[in-house]
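*Asks:* generate a structure from the sequence data that follows.
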Amino acid sequence: MNLFKAQKMTFVVNTVILLLVIGLACFFYMVDAPFLIYFSIPTALVYLIGYYLIAKEWLHIYVWMVYLWLTIYMCVTTICLGYAYGFHLYCFSMIPVMYVTEYIAYKLERRSLRALYVSMGISLIYLFSTGYVALFGPIYERDQKLASFFWIFNALIVFGFLIFYTNYLIKMIISSEEKLREMAQVDPLTKLYNRRYMKRRLDGAKDRRTKGFLAMADIDDFKQINDHYGHAAGDEVLMYISNAMKEVCEDCDIARWGGEEFLIYSDKAENGAELMEALRKKIAAKPVSWEQKQIPVTITVGVSLRKEAQNVEAWIQDADEKLYHGKNNGKNVVIG
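*Replies:* As a prediction, this is how the structure comes out:
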């Protein structure tokens with residue numbers, strides 16, 4: 001959720017409500033309810049002012065103004081026409097929509113709208129207006145056929161707002177959860193999985209009978225790259241190698257294990273060493289371009305085939321030992 005999207009949605013909702021106010025003013029004229037006709041004029045003015053507030057990004061003022069006036073509008077129309085017309089139903093959409101709006105304000109880092117207190121106030125106004133009608137009856141007694149029609153009409157409007165805002169809220173929550181999940185399991189620089197995710201992934205695979213393979217890869221002389229070209233160049237190398245891994249090992253789970261180390265997992269044991277050799281050759285064949293400089297990059301990889309009943313820690317350790325055997329014997333090699 002960003003401010004532009006919130007403005008756009010608020011603009012659409014404001015337009016819909018303004019059109020409803022104009023349509024209801026015509027209805028009040030038809031049923032000869034003069035006070036409600038006149039009352040529709042300041043109501044329409046509220047939503048015309050709303051366009052200005054939306055354009056100025058004063059959404060919190062807009063929300064307070066609209067909710068205050070909607071509450072007054074619901075109260076006045078209920079007292080004038082009775083609850084047979086269904087105007088009192090608007091409070092049932094106003095309360096949950098208020099909580100949705102509070103959540104949107106939180107996401108936009110805007111002021112709290114105090115949804116709890118506002119919803120309590122709306123409830124009290126609802127009880128007052130419907131209680132008045134129950135005790136004294138409506139001010140205007142009109143054709144009940146029209147009342148039935150408008151009860152259905154207002155109920156549809158209320159359900160429409162409830163469905164729209166609830167659907168919008170759920171989508172926002174799902175989007176937020178997905179972003180949080182990505183932050184929790186994806187390395188922000190390389191866009192590969194992080195160590196936490198890979199541990200969980202391997203723990204989930206530890207009871208499987210498929211052998212699979214693990215490959216521990218390390219960038220050769222990475223510290224020298226950082227020292228000679230700078231850390232920004234080092235980041236570029238990390239991203240280049242990460243992209244190469246995604247291309248060559250497209251069916252594997254790949255994690256940035258730590259610093260310049262990567263852990264690659266696949267449940268297909270047949271071609272582990274061959275796949276890593278193809279990756280090693282691809283990386284060694286093309287230097288990384290950085291500020292008109294060509295940075296030669298190679299990797300060393302240790303590949304471990306899964307042994308039956310081997311636990312995850314021992315499996316990782318085996319790949320790590322093979323990696324360092326390669327690092328101590330010339331680098332730029334795959335040890336399987």
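*Asks:* where does the stretch 201-336 of the chain dip in pLDDT?
*Replies:* When residues are selected by pLDDT under 70, those of the stretch 201-336 of the chain lie in 206-211, 269-270.
*Asks:* now do the helices in it.
*Replies:* Along the stretch 201-336 of the chain, the stretches classed as helices by DSSP state H, counting those that start in this stretch are 222-229, 231-248, 272-285, 312-327.
*Asks:* any chance of TSV for those, columns mean neighbour count?
*Replies:* For every residue, glycine as well, the C-beta is placed using N, CA and C. TSV is the format used below for the helices of the stretch 201-336 of the chain (neighbours: other C-beta atoms under 10 Å):
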stretch	mean neighbour count
helix 222-229	15
helix 231-248	17
helix 272-285	18
helix 312-327	18
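*Asks:* quick one: closest of those to Phe262.
*Replies:* Closest of the helices of the stretch 201-336 of the chain to Phe262 is helix 231-248, at 6.6 Å (criterion: C-beta to C-beta).
*Asks:* now do Met245 against Thr298, distance only.
*Replies:* If you measure Met245 against Thr298 using C-beta to C-beta, to the nearest Å, the figure is 14 Å.
*Asks:* and Arg142, helix, strand or coil?
*Replies:* Three-state assignment for Arg142 (DSSP: H, G, I helix; E, B strand; the rest coil): coil.
*Asks:* based on its surroundings, how many neighbours for it?
*Replies:* By the other C-beta atoms under 10 Å criterion, the neighbourhood of Arg142 contains 18 residues.
*Asks:* Ala33 is in contact with that one, correct?
*Replies:* Yes: between Arg142 and Ala33 there is a contact under C-beta atoms under 8 Å: 7.5 Å.
*Asks:* intersection of neighbour lists for these two?
*Replies:* Residues within reach of Arg142 and of Ala33 at once, by C-beta atoms under 8 Å, 6 or more residues apart in numbering, are Leu81.
*Asks:* can you lay out the helices of the stretch 201-336 of the chain as CSV showing distance to Ile264?
*Replies:* Putting the helices of the stretch 201-336 of the chain into CSV (distance: least, C-beta to C-beta, whole Å) gives the following:
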stretch, distance to Ile264
helix 222-229, 17
helix 231-248, 7
helix 272-285, 8
helix 312-327, 9
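*Asks:* between the ones you listed, which gets nearest to Phe136?
*Replies:* Ranking those by distance to Phe136, with C-beta to C-beta as the measure, places helix 231-248 first at 72.8 Å.
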